[in-house]
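>>> Generate coordinates for the sequence data below:
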Amino acid sequence: MPDDQKTKAELIEELDALRNRIAQLEGAVGGEQACRPEGTENTFRMIFENAPDGMLLADTESKRFQMANNSICRMLGYTQQEIVRLGIADIHPGKDLPHVVSQFEKQARGGISVASDIPVKRKDGSIFYADISSSETVVSGRPHLMGTFRDVTARRQAEEALRESEEKYRFLFASVPTGIGISDLDGNVLDVNRTMEQITGYSLDEYRSMNIRDIYAYPEDREEVIKALKEQGRVLGWEHRVRAKDGRIRYLLVNTEVIERDGKKVLLTTSRDITEARKAEKALRESEHKYRTLVTNIPDVVWTSDSEGNATFISPNVEKIYGYTPQEIYEQRHRLWLGRVHPDDLRRVERAYRALLETDTQFDVEYRIQRKDGQWIWLHDRAIATYEKDGVKYADGIFTDITVDKVVDMALRESQTNLALAQQIAHVGSWEQNLETGAVAWSDETYRLLGFKPGHVEPTFEFFLDTVHPQDRESVKNVWEKAAREGQPHRVEFRVIRADGVERVFDSTVQVVRGDGGKPLRVLGVAQDITERRRMENALRESEAKYRTLVESFGETIASIDEAGVFRFVNATGAERLGGKPQDCIGKTMWDLFPEALAERQMAIVKKVIEEDQGATVTSLTELQGQLRWYDTTIEPLAIGGSDRINGVMVIARDIHDIKHAEEELARYREKMTHAEQLASLGTLSATVAHELTQPLTVVRLSLDNLLDDLTATSSPETHITKLEDTLAELSNITSIIDRFRTFARKSSQTSLGTVELKAVAVRIAQLLGESARRARIALHIGEMDALPPVHVNERDLEQLFFALVQNAIQAADGKRPRKLVIGGTVKDGCVELRFTDDCGGIAPENLDLVLEPFFTTKPPGQGTGLGLSIVQQITSRAGGKVSIDSKHGRGTTFIVTLPVDTETMS
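Numbering: from 1, shown residues only. Got it, this is the predicted structure:
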């Protein structure tokens, strides 16, 4: 049965049973204490002296008091010295003394353990009633009773207890950071708390003239609630959209349950505003601009400052809390931070900030700071991360205004059952500490938030502190004591370690309740688990930090431009190319930063990308700051400023001017190499033709000479002899032509020789073919070549050799996965051994003996001359060296070029 439906007698009976059990436990403790050695006397005395209940030690036979604690002294109005001179007859009214003595003797015999409703007389003659629990003990060999007095006069003041209960409920109803509303079954609003007013902008009076359906932004949300209530009787964890007074849509996480209030069924609804959480989720996927938009809208203030405390970034909502604009803070530097911290807090803040930057000690401080209007406010300031940039140490952090307004009592009366239900639905716990006795009480939800079953642990303040994270205990204790001392509401955020070992984050508000004379009586507190919100904030900060680092450190231009041509963001590289800093470019239009004709061309591309929602890539020669340079620009569609449609673009412009020049140089070099190949091909062909024709023509000439001799000797006709002589003359002409072919072949191989540094040639060719290698996804590595001696060859020939072997590896790479070519060398047996090792698949075994032959190629017809590796063979041979091949089919190939060392230079 709920407490508010029980009679006063039933409540008193339950309380008596509870107190009897406590007395039994205390008696057990007292019995154990009597058996302990003297070494525990101090512990016993400390417990005895500080017990919240009055305690008296009485001699069973003489009925005189031997010991009294502080609590019983306060109850009776006597000092300890006075009490030990008294006996039972001195502290009870005379008319009740026989009954009191009878109860005492029953306790001494063990007949009863608790004497209830015993009248007790104070020193001033006034009477109060107490339940006296007792336990037997032995002191100095004599039997004694340890009596524990609990003042039960309050039981006779049930109306006052109910008033206190209602006062506590009003505070909790008003203070919880969750919106609470009560309506009848038709949806007519009966009551809402302050948080609900803040969420929607409607006042309580406005709500009472409304129906719940009036604030639903979408009727289907309300229909779903009605359906769920009919089917299940409750709605838990539903997300609804409501329209606030200012017309904006707010997203609420709603729990609704049917309860009884004043004998009638009503709807109790708790609503948590998750609008900002929805924005945060979206912000995790958006760009730096969206990050700054989020920072602007969250209630906390995000900041970045350098080692001197000068802010380099602070979110715009600082003006709401602090009164100063970001621009004023940037201009006046640390004077508007450290210069306005309260003198009593300044050294502590400076030490904490210095420790953060020097030793990465956690910066998490609360301090007072003076607003622009002169008002002092409290900030909870904590650093998120530290990093170094350009030799300067920076810190990122966030601070929260923890100045809490006085809790406004709301005229709401609700039963303890509804309070517990509201806390359970809202996942908000509450507790109370009696400042007179130190007794602590928790709501059921507080037990659950800490991982315990309700009532399974004793709720003391010390036990609660043990659940708080060790690093946060001192701040929680300070806030609790400050609230009790100053009488003002205080808010604190801290971590707890649940019973299951899981760490959670709580947001708590503490309030003092005072008596008629202004004396603090009780401390009330509420706490909400905000772990998920903190995790989301941390994830957002980490994501945005990574994104910001990527954008700012990227060595190419990154910018966002809206559909009007206005630069909404540009990184440092892009701003430098435009002749300024990011702040000089942001907010300017395309026409402000580029010549009109160029701006028009670029805006045409931007508009096309936005309209078609399709990215584009443009390679163009662009004039910036009077210089013409080639840029490869990617333009992608983008939703800017939280828009639901594409209204801008993201631009990434890559400077490819040097690459263009390299491509042109490569084309020219390839043309030279092609010409060299053609000459080499012609020389090879000439030598081959000369060699192949010389022998048969020699045979023909000898045969004709013999025939002429025979004809002359036989007096043949003159005409035959003349024709034969003409034939021999033409044959001589043919032989002369063949000799000229042979001479050309010799000239094509004649080159000037010189001393050549091998690594220098390798570096030149690697740079020349670097872009081709990148496109083929093959990395060019130059190994250890510094110690190689120079060789005596023609430098152009050696360049052609390196070019042919590197080009061969590039052509062998399929571009499907990363490959590599390593160029290295060693000195071996008086020669330089160059090694060109790739992992491009190797050479088929049947082709291994053919690849160095002229005109052999595995490429399709029309692709390649088949002379590249043949020329390598020829150049090596002319230099007095040799070429060998080590190839593993399916893996890779190593070309080994052995060249004689320039012995003079080497010596």
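>>> residue contacts, residue 177?
Residue 177 makes contacts with 195, 428, 507, 509, 528, as judged by C-beta atoms under 8 Å, 6 or more residues apart in numbering. C-beta: built from backbone N, CA, C; applies to glycine.
>>> Strands - which of those residues land there?
Using DSSP state E, 428, 507, 509, 528 are the members of the contacts of residue 177 that sit in strands.
>>> For the residues you listed, pick the one with the most neighbours.
Of all the ones in strands among the contacts of residue 177, residue 428 has the most neighbours under the rule other C-beta atoms under 10 Å, reaching 26 neighbours.
>>> which ones are touching it?
172, 176-178, 422, 445, 526-528.
>>> re earlier: max pairwise distance over the contacts of residue 177: which two?
195 and 507 (12.7 Å; C-beta to C-beta).
>>> Strands along the stretch 601-750 of the chain, start to end?
Residue ranges of the strands in the stretch 601-750 of the chain, as given by DSSP state E, counting those that start in this stretch, are 616-624, 627-638, 648-655.
>>> for these, which one sits closest to residue 871?
Each of the strands of the stretch 601-750 of the chain was scored for nearness to residue 871 using C-beta to C-beta, and the closest is strand 627-638 (33.2 Å).
>>> The closest one to strand 616-624, inter-axis angle?
With axes from the mean of the first three to the mean of the last three C-alpha atoms, to 10 degrees defining the directions, strand 627-638 sits at 150 degrees from strand 616-624.
>>> List the buried residues for strand 627-638?
Buried residues in strand 627-638, counted by 16 or more other C-beta atoms under 10 Å: 629-633, 635-638.
>>> that older thread, could I get the ones in strands among the contacts of residue 177 in a markdown table, plus columns for pLDDT?
Below are the ones in strands among the contacts of residue 177 laid out as a markdown table (pLDDT from 0 to 100):
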| residue | pLDDT |
| --- | --- |
| 428 | 77 |
| 507 | 87 |
| 509 | 85 |
| 528 | 84 |
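>>> In JSON lines, list those along with distance to residue 106.
Below are the ones in strands among the contacts of residue 177 laid out as JSON lines (distance: C-beta to C-beta, whole Å):
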{"residue": "428", "distance to residue 106": "47"}
{"residue": "507", "distance to residue 106": "53"}
{"residue": "509", "distance to residue 106": "49"}
{"residue": "528", "distance to residue 106": "51"}
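>>> Identify, from the residues you listed, the entry nearest to residue 522.
Distances from residue 522 to the ones in strands among the contacts of residue 177, taken as C-beta to C-beta, are shortest for residue 509 (14.6 Å).
>>> you'd agree the closest one is up against residue 525?
Yes - the pair residue 509 / residue 525 is scored as a contact, 6.8 Å apart, by C-beta atoms under 8 Å.
>>> does residue 851 count as helix, strand or coil?
State at residue 851, reduced to three classes by DSSP: H, G, I helix; E, B strand; the rest coil: coil.
>>> tell me, how many neighbours does it end up with?
By other C-beta under 10 Å, the residues close to residue 851 number 23.
>>> still on that earlier bit, now for the buried residues of strand 627-638, which pair is the farthest apart?
Greatest spacing in the buried residues of strand 627-638, by C-beta to C-beta: 629 and 637 (26.0 Å).
>>> quick one: pLDDT of residue 546?
At residue 546, the pLDDT value in this model is 64.
>>> just checking, residue 477 is part of a helix?
Yes - under three-state DSSP, residue 477 falls within a helix.
>>> what's the spacing between it and residue 491?
Applying C-beta to C-beta, to the nearest Å, the value for residue 477 to residue 491 is 15 Å.
>>> what residues go with each domain of this protein?
3-156, 160-275, 279-401, 554-655, 660-748, 754-906 (automatic domain parsing).
>>> residue closest to the middle of the chain?
residue 542 (2.3 Å; C-alpha atoms, centre = their mean).
>>> Can you give me every residue that contacts that residue?
Applying C-beta under 8 Å, 6+ apart, no residues contact residue 542.
>>> Name the nearest residue to residue 325, sequence neighbours excluded.
Nearest residue to residue 325 in three dimensions, chain neighbours excluded: residue 319, at 5.1 Å (C-beta to C-beta, 6 or more residues apart in numbering).
>>> For the helix or strand harbouring that neighbour, buried residues please.
Assessed by DSSP states H and E, residue 319 sits inside helix 318-322. Going by neighbour count (16+ other C-beta under 10 Å), the buried part of helix 318-322 is 318-319, 321-322.
>>> That one packs against which elements?
When contacts are defined as 3 or more C-beta pairs under 8 Å, 6 or more residues apart in numbering; DSSP states H and E, helix 318-322 packs onto strand 301-306, helix 326-332, strand 376-389.
>>> Quick check: the residue of the chain most remote from its centre vs residue 721, distance?
No residue in the chain sits farther from the centre than residue 715, which is 113.5 Å out by C-alpha atoms, centre = their mean. Counting by C-beta to C-beta, the gap between residue 715 and residue 721 amounts to 10 Å.
>>> Which one of the buried residues of strand 627-638 is nearest to residue 767?
For those, the residue nearest residue 767 by C-beta to C-beta is residue 630; the value is 18.0 Å.
>>> Would you check that the closest one makes contact with residue 657?
Yes - at 4.6 Å, residue 630 and residue 657 qualify as touching, with contact defined as C-beta under 8 Å.
>>> just the strands in the stretch 751-900 of the chain please.
Secondary structure of the stretch 751-900 of the chain (DSSP E, counting those that start in this stretch): strands at 754-756, 778-782, 791-793, 819-828, 831-838, 882-888, 892-900.
>>> Highest mean neighbour count out of these?
Burial of the strands of the stretch 751-900 of the chain is given as mean neighbour count (mean count of other C-beta atoms under 10 Å); strand 791-793 ranks first at a mean of 23.
>>> got the contact list for that one?
Residues outside strand 791-793 that contact it (C-beta under 8 Å, 6+ apart) are 753-756, 758, 798, 832, 875, 879, 899-902, 905.
>>> returning to what we had before: redo the helices and strands packed on helix 318-322 as JSON lines? Include mean neighbour count, mean pLDDT and distance to residue 272.
JSON lines is the format used below for these (neighbours: other C-beta atoms under 10 Å; pLDDT from 0 to 100; distance: least, C-beta to C-beta, whole Å):
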{"stretch": "strand 301-306", "mean neighbour count": "21", "mean pLDDT": "89", "distance to residue 272": "23"}
{"stretch": "helix 326-332", "mean neighbour count": "15", "mean pLDDT": "91", "distance to residue 272": "30"}
{"stretch": "strand 376-389", "mean neighbour count": "16", "mean pLDDT": "87", "distance to residue 272": "22"}
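>>> Looking at those, spot the one closest to residue 355.
So among the helices and strands packed on helix 318-322, strand 376-389 is nearest, using C-beta to C-beta, at 10.4 Å.
>>> low-confidence ranges in the stretch 751-900 of the chain?
751-752, 855-856, 858-868 (pLDDT under 70).
>>> I'd guessed residue 494 sits against residue 505; true?
Yes - contact criterion C-beta under 8 Å: residue 494 and residue 505 qualify, at 7.5 Å.
>>> related to what we said a few turns ago, now, which of the ones in strands among the contacts of residue 177 sits nearest residue 788?
For the ones in strands among the contacts of residue 177, the closest approach to residue 788 (C-beta to C-beta) belongs to residue 507, at 70.1 Å.
>>> partners of the closest one in the sheet?
Beta-bridge partners of residue 507, counted by DSSP bridges, are residue 493, residue 528.
>>> do residue 780 as well
residue 821.
>>> How much space separates it from residue 763?
Residue 780 is 10 Å from residue 763, where distance means C-beta to C-beta.
>>> One more: residue 650?
For residue 650, the distance to residue 763 equals 37 Å [C-beta to C-beta].
>>> Which one's more surrounded, these two?
Shown here are residue 650 and residue 763; by other C-beta under 10 Å, residue 650 has more neighbours (18 against 15).
>>> Was I right to think the more buried one contacts residue 633?
No - applying C-beta under 8 Å as the test, residue 650 and residue 633 come out as separate, 11.1 Å apart.
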